[in-house]
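Peer 1: predicted model follows, preceded by the sequence.
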Amino acid sequence: MSNQSTVVFVGAGPGDPGLLTQRALQALSEADIVLLERADLVPADLVAHAEVTVQPVDGGARPLLEAASTAARVVRVLAGDPWVDSAGVAEATACARAGVTFEVVPGVPVATAVAAYAGVPLAPSHEVPTGLALDATTVLRGSLDEVSAAAKQLLADGADPTRPVVVVTHGTTSAQQSRRSTLDELADSQAGDDPVVAILCDSEPDECLAWFESRPLFGWRVLVPRTKDQAGPLVERLRRHGAVAEEVPTISVEPPRNPNQIERALRGLVEGRYAWIVFTSVNALKAVRTRLEEYGLDARAMSGLKVAAVGEKTAAALESWGIRPDLVPSGEQSSRGLLADWPVHDEETDPLNRVFLPRADIATETLSAGLADLGWEPEDVTAYRTVRAAPPPAPIRDAIKAGAFDAVVFTSSSTVRNLVGIAGKPHASTVVACIGPQTAATVSEHGMRVDVLAPTPSAEVLADALASFAEQRRDDLRAAGEPVVRPSQRRRSPARRSAAQRRAT
């Protein structure tokens, strides 16, 4: 056994990746190998930060010690807190006896986290494996069989059979389900191996505290057809609203087939050929920046140029590169909005009238034609091309067509066209959300209904708009006395749907 090896026991918390500590993230980023507790306790997406091999290991010291014999830094990921919620103590003892150095990164204990996400305060509280009859809040954890047996023991010890109980499965994740019950009903529960947390309350819990499951998009399965490296902010905002976001890449961004045109344009940029450069997307900026850096140049290559940007994201990307755009549309964040603010060319004040437009190979001519009408000389240059991605796996395609997704969010016309091309149109029951008017028009051209339109073209605003739609839909269903179901749970027959459901969709 190498005395250079270190095992780091990382507490994964209850299942929500957002509850990982900074130290846990650091340990995962430094790991040579990651040993993951079984999937029903530690979801695989918790270790997405790890860039090395991840192996599921149910337990026991042998695989841990074998990994430590070949790797310098082994991270053992355990549910909850390694010193409270799992077999961490036993495995750490085995490491110590084998002469393997170990560290412990505490995690959020399952019991306290699940109670918080279920809206049940725990002060004062006790956590017991099989339990005694206690006046304070008591938490029972284990399989349904084990928790039911513990409830029977509590009843035998004289506990109140009507004591309020909240039974939680998949706590702190988007699949969380909380069920109100009583102690005698818990004791009579049917057998099951799924892990549960049963919170025995000292009084009936206030439903207004159940914040987690009341989020507007809680449990919604949302399809995000985007370029993979650009989906992050949108997915993160959807998850904050409770959605299960599933990314399906529909396009990939690649260099132009013939780089001569962009190379000539960049030489002209450095030589002062242009008065303006216009970035209509982050991809366009990225393409130009990458080329300049290949030549050993940076943002100073654009000194003397006026810079225009379409969209907050593009403007922010420019500023992160040290360039403050001279012109951003004051109204609609689109080529039309930019043209509305663009000055007419004046030969006396602007002797140079050329405008550099680095764009995608499939870009429309709206901006180029509009600039020409204003007296400028636009040069459209293909800076990158968008290529349709491969079709998603068959289960995803089937889910799209069958209405298993509750919503789909479109962030560009190309994502609409490419999703339809590689996977087919979403089911009519799926809520369709669009980032802007042009994208919405493309959705309508493909025979789909537009349910949500973002007030401004921002990924985060689009997610917020979808959440507002879902919240209003929920309120409408409740006001009509209808059950609150997700769009994917609706009855398929239009004749059977209520007026409230029709209004809500």
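Peer 2: On my side now, so go ahead.
Peer 1: now residue 269: which helix or strand?
Peer 2: helix 260-271 (DSSP states H and E).
Peer 1: tell me what that helix is packed against?
Peer 2: helix 282-294, strand 354-360, strand 377-388 (3 or more CB pairs under 8 Å, 6 or more residues apart in numbering; DSSP states H and E). All C-beta atoms are positioned from the backbone trio N, CA, C, and that covers glycine.
Peer 1: run the chain-centre distance for it.
Peer 2: Relative to its parent chain, helix 260-271 has a centroid offset of 38 Å by CA atoms, centre = their mean, to the nearest Å.
Peer 1: how about it: buried residues?
Peer 2: In terms of neighbour count (16 or more other CB atoms under 10 Å), helix 260-271 has its buried residues at 262, 265, 266, 269.
Peer 1: and of those residues, the nearest to residue 385?
Peer 2: For the buried residues of helix 260-271, the closest approach to residue 385 (CB to CB) belongs to residue 262, at 11.0 Å.
Peer 1: list the residues that contact that closest one.
Peer 2: Shown in contact with residue 262 (CB atoms under 8 Å, 6 or more residues apart in numbering): 256, 287, 288, 291, 358, 381, 382, 383.
Peer 1: list the contacts of the longest helix along the chain.
Peer 2: Across the chain, the longest stretch assigned as helix under DSSP state H is helix 459-479. The contact list for helix 459-479 (CB under 8 Å, 6+ apart) reads 215-217, 220, 222, 233-234, 237-238, 240-241, 313, 407, 409, 411, 431, 433-435, 451-455, 483-485, 500-501, 503-505.
Peer 1: closest one of the buried residues of helix 260-271 to residue 444?
Peer 2: The closest of these to residue 444 turns out to be residue 262 (CB to CB; 33.9 Å).
Peer 1: so how far is residue 382 from the closest one?
Peer 2: 7 Å (CB to CB, to the nearest Å).
Peer 1: now for those two: what residues contact both?
Peer 2: residue 256.
Peer 1: ok so residue 197 is a strand residue?
Peer 2: Yes. Residue 197 sits within a strand when classified using DSSP: H, G, I helix; E, B strand; the rest coil.
Peer 1: so it is in contact with residue 170, correct?
Peer 2: No. Taking contacts as CB atoms under 8 Å, residue 197 lies outside contact range of residue 170: 9.8 Å.
Peer 1: neighbour count: the two, which is higher?
Peer 2: residue 197 (27 against 19; other CB atoms under 10 Å).
Peer 1: residues contacting residue 224?
Peer 2: Per CB under 8 Å, 6+ apart, neighbours of residue 224: 231, 234, 235, 238, 245, 246, 247, 248, 408, 409.
Peer 1: based on its surroundings, how many neighbours for residue 485?
Peer 2: 13.
Peer 1: look at it and report its pLDDT.
Peer 2: If you check residue 485, the pLDDT there is 92.
Peer 1: what of residue 132?
Peer 2: Looking at residue 132, its pLDDT reads 41.
Peer 1: residue farthest from the centroid of the protein?
Peer 2: Most distant residue from the mean C-alpha position of the chain: residue 348, 51.7 Å away (CA atoms, centre = their mean).
Peer 1: ok, it to residue 375 distance?
Peer 2: 12 Å.
Peer 1: try residue 170
Peer 2: Noted for residue 170: a distance of 62 Å to residue 375, by CB to CB.
Peer 1: so which of the helices and strands packed on helix 260-271 comes closest to residue 89?
Peer 2: helix 282-294 (48.5 Å).
Peer 1: mind listing what's buried along the closest one?
Peer 2: 282, 283, 284, 285, 286, 287, 288, 289, 291, 292.
Peer 1: which of the contacts of helix 459-479 are buried, as a PyMOL select command?
Peer 2: Here is the PyMOL command that selects the buried residues among these (16+ other CB under 10 Å):
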select buried, resi 215+216+217+220+222+234+237+238+241+313+407+409+411+431+433+434+435+451+452+453+454+500+501+504+505
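Peer 1: among the contacts of helix 459-479, which are located in strands?
Peer 2: Those of these mapping onto strands are 222, 407, 409, 431, 433, 434, 452, 453, per DSSP state E.
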